[in-house]
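Participant: here's my sequence, what's the structure:
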Amino acid sequence: MNVTELLRLLQAEHDETASRADCLREQIDQPTSAPAEVEARLAEIVTTGKVIDGLTPPDRAPSPEGSATVYQRIVTAFNQRPGQVFRVRDLHELLGLPTDEPSINVTRSRLGRLVRQGLLAQPGRGRYQKRT
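Facilitator: As a prediction, the model looks like this:
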């Protein structure tokens, strides 16, 4: 075997290995880029919801049927107990709502919106009461 033949075989091995490395990089990039794309889309959806929420007058806020009644129940609970300070979990127990983390996070968001609208006050972290 001469030097030219060795160089040709070495180049063929290099090309095959480089092709395999490219294929493996694509396989690695696919699962790592997919979650980033989904997270970016989720952020866009959340932002869109906030923009729409901000453009909608409070007295005409279109809400899903279930959300409107939950908002009403929350406001009613605070109106009936104007001086009481609630934690989200306590409010859930009072209203008979599920106490799993996703449900509590949704209510936490709702309470934050009611604070921003001026209906509730937040005297401490995680605590809410009727604004006086």
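Participant: right, and the helix or strand after the longest helix seen in the chain?
Facilitator: Longest helix of the chain, by residue count under DSSP state H: helix 3-55. Where DSSP states H and E defines the elements, the next helix or strand beyond helix 3-55 is helix 65-80.
Participant: restricting to C-alpha, output that following helix in CSV.
Facilitator: Taking C-alpha atoms only, helix 65-80 is exported to CSV below (Å, rounded to 0.1, in the frame of the first residue of the first chain):
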residue,chain,number,x,y,z
GLU,A,65,-68.2,30.3,31.7
GLY,A,66,-66.4,28.5,34.6
SER,A,67,-64.0,31.4,35.1
ALA,A,68,-66.7,34.0,35.5
THR,A,69,-68.3,32.0,38.2
VAL,A,70,-65.0,31.4,40.0
TYR,A,71,-64.2,35.1,39.9
GLN,A,72,-67.7,35.9,41.2
ARG,A,73,-67.3,33.4,44.0
ILE,A,74,-63.8,34.8,44.9
VAL,A,75,-65.1,38.4,45.0
THR,A,76,-68.2,37.3,47.0
ALA,A,77,-66.0,35.5,49.6
PHE,A,78,-63.9,38.7,50.1
ASN,A,79,-67.0,40.9,50.2
GLN,A,80,-68.5,38.7,52.9
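Participant: quick check: buried residues in that helix?
Facilitator: 70-71, 74, 78 (16 or more other CB atoms under 10 Å). From N, CA and C alone the C-beta is placed, and that goes for glycine too.
Participant: and what of stretch 79-91?
Facilitator: Quick answer for stretch 79-91 (16+ other CB under 10 Å): 86, 88, 91.
Participant: same check on stretch 118-132?
Facilitator: Neighbour-count burial for stretch 118-132 [16+ other CB under 10 Å]: 119-120, 122, 128-130.
Participant: okay, the residues you listed in JSON lines with distance to residue 7 and pLDDT next?
Facilitator: Formatted as JSON lines, the buried residues of stretch 118-132 follow (distance: CB to CB, whole Å; pLDDT from 0 to 100):
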{"residue": "119", "distance to residue 7": "79", "pLDDT": "89"}
{"residue": "120", "distance to residue 7": "77", "pLDDT": "91"}
{"residue": "122", "distance to residue 7": "73", "pLDDT": "91"}
{"residue": "128", "distance to residue 7": "75", "pLDDT": "93"}
{"residue": "129", "distance to residue 7": "81", "pLDDT": "92"}
{"residue": "130", "distance to residue 7": "83", "pLDDT": "91"}
